[in-house]
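>>> build me a model:
(one chain, ligands or ions: 1)
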Amino acid sequence: MSNVIGPTGENVLVVIPTYNESENLPIIVDRLLSALAGVHVLVVDDSSPDGTGEIADRLAAEDEAGRIHVLHRTEKDGLGKAYLAGFTWGLAREYAVLVEMDADGSHAPEQLHRLLDAVNAGADLAIGSRYVTGGSTVNWPKRREFLSRGANTYARLALGSSIRDITAGFRAYRREVLESFDFAAIDSAGYCFQIDLAWRAVQGGFTVTEVPITFTERAIGESKMDGGVITEAFLQVARWGMDSRFGRSKHG
Ligand SMILES: Nc1nc2c(ncn2[C@@H]2O[C@H](COP(=O)(O)OP(=O)(O)O[C@H]3O[C@H](CO)[C@@H](O)[C@H](O)[C@@H]3O)[C@@H](O)[C@H]2O)c(=O)[nH]1
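Residues are numbered from 1 along each chain as shown. Just a heads-up that it's a prediction; the model follows:
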C-alpha cells in the first residue's frame, strides 16, 4: 500500500475536541506543529465558558500557513458528537488521514509519527495504546487506571475483541474507514465513542493496529469524565456484544 502521508504529516487532519482547555490549547498546538509542521489542526470547541474558542480563533488567525481551523458548536454535547462534527468537516476536504487527539497533553504530539508510520505501513486504524508492550501511563491516578483497564477487559470479553486499549483517544484513521460509517447511526456521546468506532472498524474488516504510546495525566484543567460516561459505556458495550453474538445488524 502506498504512503498517503507526507514526511511532516502532509494530508493529515488532527481533530482536537475542546471544552475548557484555554491554557492547554496553545501549548498542544505549538507542540504539534513543532513536531509535524505539515499537519492541519481542527479545534472543535463546544462554546467553552473559559474562552477556549476565542483562543483557537486567535491561533488560527496567527498561523500564516493556514494550518489551524476552528469549528464552534453552540453547547457542550459530548466527545463523540464533537468528533463526528470534526470528521464531517475533514471528510468534506482532501485529508487522507484523520487523527483524534486530546487537548490536555495526555497524548504526546511527538509520538504522533508512530501512528502515522503504522498507517503508512498499511493500518486502516492505528490506535495509540497504553496497554501493549512499550505503552505506559504517567501520573495517572490509580483509580482512573483501574477504571480504564477494567473497561478494556470488559470490552474485550463482551465484544470478543483482541484490542488491548479500545478506549484510547489517540488514533489515526484512513479516511476510507470513516467514510464507511453511517454517522447518523452513531449515538455514543461520551468516551464509549472510542469503543464504538474501533468496533465498527473491526466489524467492517479494516486493519486495526495498536502502537505503544505514553499517556500522561493532564497537568492543567480537569477531566470531563463523569458517572454518565461510565454508565453509557457499560450499557452500550453490553448491547454491541449481544448484537455481535446473535448475528444481528453489524453494529449499533
Ligand atoms: N468539544 C468537546 N470536547 C470535549 C467534551 N468532553 C471532553 N472534551 C475534550 O476531549 C478531550 C478528552 O477529554 P478529557 O476529559 O481530558 O479525557 P480524559 O478523562 O483524560 O480521558 C481520556 O481517556 C479516556 C479513556 O481512555 C479516553 O476515552 C478519552 O478519549 C481520553 O483520551 C479534551 O480535549 C477535552 O477538552 C465535549 O463535550 N465537547
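>>> would you map the strands across the protein?
In the chain, strands defined by DSSP state E lie at 12-18, 40-45, 68-72, 97-100, 125-129, 136-138, 171-174, 208-212, 214-216, listed in chain order.
>>> out of those strands, flag the one nearest the ligand.
Nearest of the strands of the chain to the ligand, taken as C-beta to the nearest ligand atom: strand 12-18 at 3.4 Å. Just so you know, the C-beta spots here come from the backbone N, C-alpha and C atoms, and that holds for glycine as well.
>>> what's in contact with that closest one?
5, 25, 28-29, 32, 36, 38-46, 48, 52-53, 56, 79, 82-83, 86-87, 90, 93, 95-103, 112, 116, 172 (C-beta atoms under 8 Å, 6 or more residues apart in numbering).
>>> repeat that for stretch 81-94.
Contacts with stretch 81-94, where a contact means C-beta under 8 Å, 6+ apart, come from 11, 13, 15, 17, 42, 44, 46, 69, 71, 73, 98, 100, 175, 178-179, 183, 186, 189, 193.
>>> send the alpha carbons of it over as PDB?
Extracted C-alpha coordinates of stretch 81-94, given in PDB (Å, rounded to 0.1, in the frame of the first residue of the first chain):
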ATOM      1  CA  LYS A  81     -20.600  14.400  18.800                       C
ATOM      2  CA  ALA A  82     -17.700  16.800  18.700                       C
ATOM      3  CA  TYR A  83     -15.600  14.200  16.900                       C
ATOM      4  CA  LEU A  84     -18.300  13.400  14.400                       C
ATOM      5  CA  ALA A  85     -18.700  17.100  13.600                       C
ATOM      6  CA  GLY A  86     -14.900  17.300  13.200                       C
ATOM      7  CA  PHE A  87     -14.700  14.300  10.900                       C
ATOM      8  CA  THR A  88     -17.600  15.500   8.800                       C
ATOM      9  CA  TRP A  89     -15.600  18.800   8.300                       C
ATOM     10  CA  GLY A  90     -12.500  16.900   7.400                       C
ATOM     11  CA  LEU A  91     -14.100  14.400   5.100                       C
ATOM     12  CA  ALA A  92     -15.500  17.300   3.100                       C
ATOM     13  CA  ARG A  93     -11.900  18.200   2.300                       C
ATOM     14  CA  GLU A  94      -9.000  16.300   0.900                       C
END
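>>> sorry, back to before: and the strands of the chain as TSV, adding mean pLDDT, distance to Leu147 and mean neighbour count?
Below are these laid out as TSV (pLDDT from 0 to 100; distance: least, C-beta to C-beta, whole Å; neighbours: other C-beta atoms under 10 Å):
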stretch	mean pLDDT	distance to Leu147	mean neighbour count
strand 12-18	98	20	26
strand 40-45	98	25	25
strand 68-72	98	30	19
strand 97-100	98	20	26
strand 125-129	98	17	27
strand 136-138	96	12	14
strand 171-174	98	20	27
strand 208-212	98	20	21
strand 214-216	96	13	19
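>>> I'd like these as JSON lines, with distance to Ala151 appended.
Putting the strands of the chain into JSON lines (distance: least, C-beta to C-beta, whole Å) gives the following:
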{"stretch": "strand 12-18", "distance to Ala151": "19"}
{"stretch": "strand 40-45", "distance to Ala151": "24"}
{"stretch": "strand 68-72", "distance to Ala151": "28"}
{"stretch": "strand 97-100", "distance to Ala151": "17"}
{"stretch": "strand 125-129", "distance to Ala151": "14"}
{"stretch": "strand 136-138", "distance to Ala151": "14"}
{"stretch": "strand 171-174", "distance to Ala151": "16"}
{"stretch": "strand 208-212", "distance to Ala151": "16"}
{"stretch": "strand 214-216", "distance to Ala151": "14"}
